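1. Need coordinates for the following:
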Amino acid sequence: MRLNFKNDTFKIMQIADVQEGAKISPDTIALINAALDKENPDFVVYSGDQIWGYTHFKGNKEKVEKALREITEPVTSRGIPFSICFGNHDRQVGVSNKEQFEIYKKIDGFVGEDTEGIDGCANHCIEIAENEKIKYLLYLIDSNTSLKIGYDNVHENQIEWYKNTRDKYEKENGGVIPSVVIQHIPVPEISELLIESEKKTKGAVRGFRNRAGKWYTLNKDKVNQDGFMKESPADPMENSGEFEAMAEKGDVKGIYFGHDHINSFNGKINGIDLGYTQGAGFHVYGPGLDRGVRMINLHTDGSLDTYDLRYRNLIGKKVKEKIRYGIFQIMPTNIYDGINRAIKILAGIAGIAIIAVLISFLLK
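-> The predicted structure is shown next:
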């Protein structure tokens, strides 16, 4: 598969965690439309968790196809090619990722394939060329969902596929080709952009699973200054060596992911830019009016730049579904957050009850 530079910059828009049900939020669509109008990208990647929830779809393929067509309509109506990778929620609608991939293939403008013989679905590599010369490679990788507890990773046979593909292009072109990777779940090395901090530190977030009992802030010396982290990274439970493989030859310039809806920041580790893209969907928890998308601009000299676009800057402070927006703003971000909130609420109720008993006793 090959796409082409129109000038010296190839503009990729990453849309993460739309995570819609059968009824699509008008605010989600408004955000995508506004971002497309502002940037006019050459290519769009939906990076996983496009849809979710069995109760929304109950395995109904027609409902799934309708939702996927609505989510991608802002892109297809403009004639912009697009592709996808899968997240940990897509398959929960009762229609498998492979079945969903066949639906995507029917949508105008879809670019992608499912590489056979390796784990996951929709692993593929796209060439981006200038005057028939390949200038960049874009790898879209399934970060899998096979664990019962915690988050999966990119598996060994997928890493070998990447390395074999990289080496094939290196041999054919007399040197490694600059590359970008987009997937849903982050690599564990994202932790190198964080600082373990005191609970009372401004902006500190509570870690969970691998980071349980600790608190973290962004390392402002390593990340973009307008970046934000409002929840602990939910990276894989085990490190499969993906990042190490992608750092071997210096071809990979950036790895970008979503998954954690209320994080948006990027910074370099071993020469690779690691970037979180916040969620775009308004029918799921998110960072308020900082919901957005990411631009990844590739240049013919092998460099890139990246930044996010946010609802508040594109559209403003008004949303169409005010009540639903408010509800999703107070939703827990994960089970640990939910438990901690429940404990605080129960403690508050207990405190009020004790005070009421004391007051009653004193007034007797």
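
2. so where is the stretch 151-300 of the chain shaky, pLDDT-wise?
-> Nowhere does the stretch 151-300 of the chain drop to pLDDT under 70.

3. Which residue ranges of it form strands?
-> 179-182, 194-197, 205-206, 215-218, 228-229, 252-257, 263-269, 272-276, 292-299 (DSSP state E, counting those that start in this stretch).

4. Packing partners of the third one?
-> In other words, strand 205-206. strand 215-218, helix 335-362 (3 or more Cβ pairs under 8 Å, 6 or more residues apart in numbering; DSSP states H and E). Where you see a C-beta, it was placed from the backbone N, CA and C, and this is true even at glycine.

5. Might one say that residue 76 is in contact with residue 109?
-> Yes: between residue 76 and residue 109 there is a contact at 4.8 Å, judged by Cβ atoms under 8 Å.

6. Can you check which residues contact both of those two?
-> When Cβ atoms under 8 Å, 6 or more residues apart in numbering defines a contact, the residues bordering residue 76 and residue 109 alike are residue 82.

7. Which of the helices and strands packed on strand 205-206 has the lowest mean pLDDT?
-> In terms of average pLDDT, helix 335-362 trails the rest of the helices and strands packed on strand 205-206, at a mean of 51.

8. Low-confidence stretches in the stretch 1-150 of the chain?
-> For the stretch 1-150 of the chain, no range has pLDDT under 70.

9. what do you get if the cut-off is 80, keeping everything else the same?
-> 146-149 (pLDDT under 80).

10. Can you tell me the closest non-neighbouring residue to residue 233?
-> Distance criterion Cβ to Cβ, 6 or more residues apart in numbering; nearest residue to residue 233, sequence neighbours excluded, is residue 190 at 5.1 Å.

11. ditto for residue 241
-> residue 159 (6.4 Å).

12. Count residues in the vicinity of the one you found, would you?
-> A count of neighbours around residue 159, defined by other Cβ atoms under 10 Å, yields 20.

13. just to revisit the earlier point, the residue nearest to residue 233: how many residues sit nearby?
-> 23.

14. Ok, residue 233 next?
-> Using other Cβ under 10 Å: residue 233 sits among 26 other residues.

15. For it, which residues are in contact?
-> For residue 233, the contact set (Cβ under 8 Å, 6+ apart) comprises 186, 190-191, 194, 211, 260, 263, 276.

16. out of those, what pair is the most spread apart?
-> Greatest spatial distance among these (Cβ to Cβ): 211 and 276, at 15.5 Å.
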